[in-house]
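Asks: from the sequence below, what's the structure:
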Amino acid sequence: MSSMTFQAAMNALPLIAILRGITPDEVVAVAKALQKEGFKIIEVPLNSPQPFESIKRLVETFGDELIIGAGTVLSCAQVDEVQKVGGRIMIAPNVNPDVIRHAKARGLYSVPGFYTVSEAFSAIEAGADGVKLFPADTLGAAGLKGMMVVLPKDVPVLPVGGVSNETMSGFVEVGAGGFGLGSGLYKAGMSVEQVTENARGYVTACRAALANNKA
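Replies: Coordinates of the predicted model:
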């Protein structure tokens, strides 16, 4: 079976689950719950406890069914570490063209974080598969709207940071291609039941926003 592509995952459900603070012992159960709700992309930020072990367990459990990778990837060395345990997507809060190019040269997906148009273009020029608007809640849909006038339409822009069920539709209306979900989806120590409930709310809101925008 061939691996799921970033494009296919985004087409299925354009949400990235950010499991900051998760431990290796709970990561598989949480990811299974998220997969059941439709999530295809799971990120373990590298400032979580034993992140490489968590990524390794996810890759062993889900193989090619999900796109597993790391967040807060700040160096080329970290890209190599993540790839070693099978991670395929490198997500960052910043734009470091060297890190983006390094990931792409190794056949991996790269989704760096930007806050200005200049940063977005630097990321896209370096080969980013998507760019995450971070922190999104301070800029809001109104801020993104102005940027989308100039940003290329073929690279998805994913608001991350304080995204709620209520703000999703506004972002989608101005051109957001999906979202990264952090503490509103999962916080350290949260039960699988609570994560499931949070995931369900987000998935419903996201699908409704996308459907309304197509209508």
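Asks: wait, is D129 part of a strand?
Replies: No - inclusion of D129 in a strand is not indicated when DSSP: H, G, I helix; E, B strand; the rest coil is applied; the result is coil.
Asks: quick one: it and F6 touch, right?
Replies: Yes - using Cβ atoms under 8 Å, D129 is in contact with F6, at 5.1 Å. The C-beta positions use only the backbone N, C-alpha and C, and glycine is treated the same way.
Asks: quick check: neighbours shared by the two?
Replies: Y109 (Cβ atoms under 8 Å, 6 or more residues apart in numbering).
Asks: residues contacting the nearest residue to L74 once chain neighbours are set aside?
Replies: Spatially, and ignoring its direct neighbours in sequence, L74 is nearest to A92 (6.4 Å; Cβ to Cβ, 6 or more residues apart in numbering). By Cβ under 8 Å, 6+ apart, the residues touching A92 are G71, T72, V73, L74, V99, S110, V111, P112, G113.
Asks: let me have these in a markdown table, adding neighbour count and secondary structure as columns.
Replies: A markdown table is the format used below for the contacts of A92 (neighbours: other Cβ atoms under 10 Å; DSSP: H, G, I helix; E, B strand; the rest coil):
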| residue | neighbour count | secondary structure |
| --- | --- | --- |
| G71 | 28 | strand |
| T72 | 20 | coil |
| V73 | 31 | coil |
| L74 | 15 | coil |
| V99 | 22 | helix |
| S110 | 27 | strand |
| V111 | 29 | strand |
| P112 | 28 | coil |
| G113 | 24 | strand |
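Asks: need those in a markdown table (columns: pLDDT and distance to L151).
Replies: What follows is those, written out as a markdown table (pLDDT from 0 to 100; distance: Cβ to Cβ, whole Å):
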| residue | pLDDT | distance to L151 |
| --- | --- | --- |
| G71 | 98 | 22 |
| T72 | 98 | 24 |
| V73 | 98 | 22 |
| L74 | 98 | 24 |
| V99 | 98 | 20 |
| S110 | 98 | 16 |
| V111 | 98 | 14 |
| P112 | 98 | 14 |
| G113 | 98 | 14 |
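Asks: what's the closest of the residues you listed to L15?
Replies: Lowest distance from L15 to those (Cβ to Cβ) belongs to V111, with 12.5 Å.
Asks: now could you export just the CA positions of the helix of greatest length in the chain as CSV?
Replies: For the chain, the helix reaching the highest residue count under DSSP state H is reported as helix 192-214. Listed next in CSV are the C-alpha coordinates belonging to helix 192-214 (Å, rounded to 0.1, in the frame of the first residue of the first chain):
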residue,chain,number,x,y,z
VAL,A,192,-9.2,10.1,25.4
GLU,A,193,-12.9,10.8,25.9
GLN,A,194,-12.3,14.6,26.1
VAL,A,195,-10.1,14.6,23.1
THR,A,196,-12.7,12.7,21.1
GLU,A,197,-15.4,15.2,22.1
ASN,A,198,-13.1,18.1,21.1
ALA,A,199,-12.2,16.4,17.8
ARG,A,200,-15.8,15.9,17.0
GLY,A,201,-16.7,19.6,17.5
TYR,A,202,-13.8,20.7,15.3
VAL,A,203,-14.5,18.2,12.5
THR,A,204,-18.1,19.2,12.4
ALA,A,205,-17.2,22.9,12.3
CYS,A,206,-14.6,22.5,9.7
ARG,A,207,-16.7,20.4,7.4
ALA,A,208,-19.6,22.9,7.8
ALA,A,209,-17.3,25.8,7.0
LEU,A,210,-15.9,24.1,3.9
ALA,A,211,-19.4,23.1,2.7
ASN,A,212,-20.7,26.6,3.2
ASN,A,213,-17.8,28.0,1.3
LYS,A,214,-18.4,25.7,-1.7
